[in-house]
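Peer 1: here is my input; please provide its structure:
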Amino acid sequence: MATVDIRHNDIVKVIAGRDKGKQGRVLRAFPEKGKVLIEHVSVVKKNVRPNPQKQIKGGIAEQESPIAISNVLLVCATCGPVRLRHEVRGEKKVRVCAKCGTTLDKEK
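Peer 2: Numbers count the residues shown, from 1 in each chain. As a prediction, the model looks like this:
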């Protein structure tokens with residue numbers, strides 16, 4: 001399995017599928033499945049049973065559904081949706097915008 005370049009809290013744009021054109025923040029990445037969960041993208045309805053112990057009301061709830069990583073592009077702050085390159089800067093390997101060369105990793 002190839003490494004996944006999209007991580008939690010990245011801003012991505014959907015480039016294919018039902019929600020093409022939408023942007024959102026990555027809530028969770030599933031590298032073993034090659035999928036990501038994006039905020040307010042690929043929303044599906046789910047029937048929920050009531051559970052009084054957990055204070056859950058029954059009904060129809062909406063939740064995000066995972067979409068394939070191949071259908072999203074990372075969004076650069078200056079360029080917009082871009083492909084990535086990897087570079088070694090200092091002693092760290094970082095994700096870099098392929099268009100403008102800015103670092104896409106957030107410094108800790």
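
Peer 1: low-confidence regions, this protein specifically.
Peer 2: The model of the chain has pLDDT under 70 over residues 1-2, 107-108.

Peer 1: taking the centroid of it, which residue is nearest it?
Peer 2: Centroid-nearest residue in the chain, with Cα atoms, centre = their mean: residue 26, separated by 3.1 Å.

Peer 1: now that residue: closest residue in space that isn't a chain neighbour?
Peer 2: Spatially, and ignoring its direct neighbours in sequence, residue 26 is nearest to residue 10 (4.8 Å; Cβ to Cβ, 6 or more residues apart in numbering). Where you see a C-beta, it was placed from the backbone N, CA and C, and this is true even at glycine.

Peer 1: so the one you found is in contact with residue 74, correct?
Peer 2: Yes: shown here, residue 10 and residue 74 form a contact pair, counting by Cβ atoms under 8 Å, at 5.8 Å.

Peer 1: show me the contacts for the residue nearest to the centre of the chain.
Peer 2: With contacts taken as Cβ atoms under 8 Å, 6 or more residues apart in numbering, residue 26 has the following neighbours: 6, 7, 8, 9, 10, 11, 12, 36, 37, 38, 39.

Peer 1: beta partners of it?
Peer 2: For residue 26, the residues forming beta bridges with it (DSSP bridges) are residue 38.

Peer 1: kindly report the same for residue 93.
Peer 2: Partner residues in beta bridges with residue 93: residue 88, with DSSP bridges as the criterion.

Peer 1: likewise residue 44?
Peer 2: According to DSSP bridges, the partner residues bridging residue 44 are residue 63.

Peer 1: pretty sure it sits against residue 66.
Peer 2: No: at 10.4 Å, residue 44 and residue 66 do not qualify as touching, with contact defined as Cβ under 8 Å.

Peer 1: tell me which of the two has more neighbours.
Peer 2: Comparing residue 44 with residue 66 by neighbour count (other Cβ atoms under 10 Å), the higher total belongs to residue 66, at 17 against 9.
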